[in-house]
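Q: Below are the sequence and a predicted model; questions follow.
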Amino acid sequence: MRRLLFFYFILFFLSFSSFAQEIPLDARLDQNALEFADELFNLQATSPNQIIQPFTRRTLANVFDDSILLQLNRRQKNELLFYQLEFKKDLDPSQRPILNRSLRTLFSGLKRYKQPDLLYFHKDEVTLTINPIYGITTFYNKNGENGQRRMGAELRAQIGRIGIYGSLREVYEVDPLSKDSLATPKEGSIYKYAANGSGAYSETRGGITFGWKTGYVGIVRDYVKWGYGYYGTNIFDINTVPFAQIKLHIKPNDWFQFDYFHGALQSG
C-alpha cells in the first residue's frame with residue numbers, strides 16, 4: 001500500500017512538469033462559441049465533454065483546431081477561423097501567435113493574428129488581456145418592449161501555470177427580467193430599484209487557478225452549469241448569481257474525468 005501511494009504521489013507531481021493555465025469562459029456570455037463547439041461535437045469532428053461547464057478557454061482553443069477543416073462546410077470554416085482568432089492566444093506559449101511587438105494596444109490587433117483587444121501583452125509565459133464591456137439588448141413582443149444595458153471591464157492574465165481572471169458589469173434593465181412575477185430562465189439578480197420601476201445590479205466573476213497537464217484547481221467566484229439541455233440544464237443551471245467556490249478538475253486520460261466544487265449560496 002505504501003509503495004502504491006508513493007507511486008501515485010510521484011505521478012501527480014510529474015504531471016506539473018508541463019506548462020498549463022486555465023481560465024474559465026463566461027458560461028452565459030460565451031454561448032455562441034459553446035454552441036459552435038456543440039455543433040462540431042454533433043458532427044463528430046471533436047469531442048469536448050459538454051456536461052461540465054464552464055469550459056476553460058484553453059479547452060476551446062484546442063477544440064478549434066485546423067485538423068478538423070476537411071470535415072467542415074464553407075460557413076463552418078469561416079466560423080472556425082473567427083473563433084481561432086479569439087482563442088488561440090490561450091494556448092501554450094509555443095502554440096500562440098508570434099507578434100512583432102510584445103505590447104499591442106488600442107485595437108492594433110486588427111492584423112488578423114487575433115481578435116482585437118484594448119490591451120494585449122504577451123512575453124514568454126506571461127499574457128495579459130484587458131477589454132471594456134458594453135452591450136445593449138432590446139426585446140419586442142405584442143405586449144411591448146424591454147431593454148438591457150451592460151457596461152464594465154474584464155481582465156485575464158496567465159503567468160506560467162497560474163491563471164487570473166476577473167470581470168465587472170453594471171447591468172441596467174428597463175423592466176427587471178428576474179423579478180418574482182416573471183417565469184424566466186434568466187439568472188437571479190439582487191436589484192437596486194428606481195422610482196420608475198427599472199432595476200440595476202452588479203455582476204462580478206473572477207478567480208485564480210493553478211493548472212497542470214491533467215487538470216487544475218482554483219478559488220473562484222463563478223457560475224456552475226452541469227448537464228444537458230438548451231432551455232436549462234438538468235443537473236445544475238446558471239440561475240444563481242455567481243458564487244464563491246473551490247473547484248477541482250482532473251482529466252488524466254480520454255475516458256476518465258473528475259470534477260468537484262464546494263461553495264455556498266445565501267438567500268438575498
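A: Ah, there it is.
Q: low pLDDT regions in the stretch 1-150 of the chain?
A: Scanning the stretch 1-150 of the chain for pLDDT under 70 picks out the ranges 1-21, 44-49, 93-113.
Q: Give the rounded mean pLDDT of the helix or strand hosting residue 261.
A: Per DSSP states H and E: residue 261 is located in strand 256-263. Mean pLDDT, strand 256-263: 91.
Q: What helices and strands are in contact with it?
A: For strand 256-263, the packing partners by 3 or more Cβ pairs under 8 Å, 6 or more residues apart in numbering; DSSP states H and E come out as strand 243-253. Glycine gets a C-beta too; all of them are placed from N, C-alpha and C.
Q: any idea how far residue 126 is from residue 205?
A: Distance of residue 205 to residue 126, computed by Cβ to Cβ, to the nearest Å: 22 Å.
Q: let me fix that: residue 254
A: Distance from residue 254 to residue 126, by Cβ to Cβ: 31 Å.
Q: Give me the more crowded residue out of those two.
A: Per other Cβ atoms under 10 Å, whichever of residue 254 and residue 126 has more neighbours is residue 126, with 13 against 7.
Q: in the stretch 1-150 of the chain, which spans are helices?
A: 2-14, 31-42, 57-63, 74-87 (DSSP state H, counting those that start in this stretch).
Q: what packs against the shortest one?
A: The one in question is helix 57-63. helix 31-42, helix 74-87.
Q: do you know which of these lies nearest residue 157?
A: helix 74-87 (16.1 Å; Cβ to Cβ).
Q: Can you pull out the residues in contact with the closest one?
A: Residues outside helix 74-87 that contact it (Cβ atoms under 8 Å, 6 or more residues apart in numbering): 33, 36, 39-40, 57, 60-61, 64, 66, 68-69, 72, 112-115.
Q: mind redoing it with 6 Å?
A: Identification of contacts with helix 74-87 by Cβ atoms under 6 Å, 6 or more residues apart in numbering yields 33, 36, 57, 60, 61, 64, 114, 115.
Q: report the angle between the axes of it and helix 31-42?
A: 130 degrees (axes from the mean of the first three to the mean of the last three Cα atoms, to 10 degrees).
Q: quick one: buried residues of helix 74-87?
A: Buried positions in helix 74-87, judged by neighbour count with 16 or more other Cβ atoms under 10 Å: 76, 79, 80, 83, 84, 85, 86, 87.
Q: ok, back up a step: between the contacts of helix 74-87, which sits nearest residue 186?
A: Closest to residue 186, out of all of the contacts of helix 74-87 and judged by Cβ to Cβ, is residue 33, at 19.9 Å.
Q: Please report the number of neighbouring residues for that closest one.
A: 21.
Q: Just put the helices and strands packed on helix 57-63 in CSV and tack on distance to residue 186.
A: Shown next, in CSV, are those (distance: least, Cβ to Cβ, whole Å):
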stretch, distance to residue 186
helix 31-42, 13
helix 74-87, 25
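Q: now for the ones you listed, which one comes closest to residue 189?
A: helix 31-42 (18.1 Å).
Q: can you name the two of the contacts of helix 74-87 that are farthest apart?
A: 36 and 114, at 17.5 Å, using Cβ to Cβ across those.
Q: mean confidence score for stretch 196-208?
A: Mean per-residue pLDDT for stretch 196-208: 89.
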